[in-house]
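Peer 1: predicted model, plus sequence, below.
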Amino acid sequence: MSTFELTISTPDGNKFEGEVTRLFVRGCEGDLAVLAGHIPFATAVVSCTVKIDLPDGTTKTADTESGILTVGEDKVILLSSGIGELV
């Protein structure tokens with residue numbers, strides 16, 4: 001499966017940086033999944049459980065507060081006001 005670069009940042013610094021195969025998050029209009037090659041867009045994110053699928057087949061999750069998600073051609077950035085530890 002194709003990968004893309006994901007960065008999750010908070011006011012306290014970056015909480016995750018790396019290659020992922022899929023990102024699940026809740027936007028202001030509902031749940032969404034981002035895969036490699038997704039069309040670029042930006043949306044508000046509401047408090048939710050973020051789920052990250054890694055290339056090795058493992059999944060990491062964390063509760064996140066509200067923020068902004070930007071999807072670019074080759075990089076995705078989640079700016080969150082706060083996020084728990086990814087486990």
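Peer 2: Received it, and whenever you're ready, just let me know what you need. Numbers count the residues shown, from 1 in each chain.

Peer 1: show me the shaky parts of this protein.
Peer 2: For the chain, no stretch is flagged by pLDDT under 70.

Peer 1: tell me the contacts of the closest residue to Leu32 other than its chain neighbours?
Peer 2: Computed as C-beta to C-beta, 6 or more residues apart in numbering, the closest residue to Leu32 that is not its neighbour in sequence is Val25, at 6.3 Å. Where C-beta positions appear, they are placed from N, C-alpha and C, glycine not excepted. Val25 makes contact with 31-32, 34, 45, 48, 50-51, 64, 69, 78, according to C-beta atoms under 8 Å, 6 or more residues apart in numbering.

Peer 1: could you do Glu73 as well?
Peer 2: Pro40.

Peer 1: and Gly72, by the same measure?
Peer 2: Pro40.

Peer 1: distance of it from Val87?
Peer 2: Gly72 is 27 Å from Val87, where distance means C-beta to C-beta, to the nearest Å.

Peer 1: now do stretch 24-34: distance to the chain's middle.
Peer 2: 10 Å (C-alpha atoms, centre = their mean, to the nearest Å).
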